[in-house]
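A structural model of the following input is requested.
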Amino acid sequence: MASNKYFDRSCVEEKVPLTRKRKHRVWDRILYAMFDCLEGGFEEVEEDIETVAPIDPEFDCDVSVSVGDVVYVDAANHVALAFAGVGGNQGTHVVSAKPDPTRARVRDIGEVSGYSGLVPGEHYYLSMVFAGKVVTPANPVGPPGTFNQRIGVATDVDTLAVDPDDEPIYF
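Presented below is the predicted three-dimensional model:
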């Protein structure tokens, strides 16, 4: 039997009895080996996560919904335009593609292209004037029942890094 960086197999080959102290050393080595494996494994998983393309679920939608719109999924599993005005619903996703007029693929985190005129580095918020649209800067303080919800940050003039806030600021 050979040795490796954690285990000296000579005691097994020589049939040396394991004393209490030797047992603890073996368990220490096993734990060190496990931590090293886990550490390396997590790095590999992180690399895999970074290289995997996002999976955008597909839902029914109205014809008026377009790529880049901020939406929420209603009880009927249908996407509708989000709106920060009185009686509006906060956005949970952004439309990333429209395979046909009544179907939309949505993304809750990641980059979405298809915008125009965004300012890279600026934060964009759900509009309280136009349903489903993003604005910058944040909405001014509105009447009770309205809110400010950050939807993402522009990474390019046509791309928004989407990550909608779960807890908007209500007025």
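
residues near Ala97, how many?
15 (other C-beta atoms under 10 Å). In short, each C-beta sits where N, CA and C put it, glycine included.

how far does stretch 132-148 stretch from start to finish?
13 Å (C-alpha to C-alpha, to the nearest Å).

Start at 3, not 1
Right, with 3 as the first residue, what we last looked at is stretch 134-150.

hmm, who's touching it?
Identification of contacts with stretch 134-150 by C-beta atoms under 8 Å, 6 or more residues apart in numbering yields 67, 70-73, 83-90, 92-93, 117, 121, 124-131, 152-154, 156, 162, 170-173.

Pull out the buried residues from those residues.
For the contacts of stretch 134-150, a burial check counting by 16 or more other C-beta atoms under 10 Å picks out 67, 70-73, 83-87, 90, 92-93, 117, 126-130, 152-154, 156, 162, 170, 173.

mind listing which of the contacts of stretch 134-150 are in strands?
Counting by DSSP state E, these place 72-73, 83, 125-128, 152-154, 156, 162, 171-172 in strands.

Max pairwise distance over the residues you listed: which two?
The span of those, defined through C-beta to C-beta, is set by Ala156 and Tyr172 at 24.7 Å.

Go ahead and list the helix or strand containing Ile32.
Here Ile32 sits within helix 22-53, counting by DSSP states H and E.

next helix or strand past that helix?
strand 60-63.

Strand partners (parallel or antiparallel) of that next one?
Take DSSP bridges as the rule and strand 60-63 pairs in its sheet with strand 80-83 (parallel), strand 105-109 (antiparallel).

Buried ones in whichever helix or strand comes after the shortest one, by neighbour count?
Right, the one you point to is strand 80-83. Beyond strand 80-83 on the C-terminal side, the first helix or strand identified by DSSP H and E is strand 95-102. By 16+ other C-beta under 10 Å, the buried positions in strand 95-102 come out as 95-98, 100.

strands paired with strand 95-102, and their directions?
Strand 95-102 has the following strand partners under DSSP bridges: strand 72-75 (antiparallel), strand 105-109 (antiparallel).
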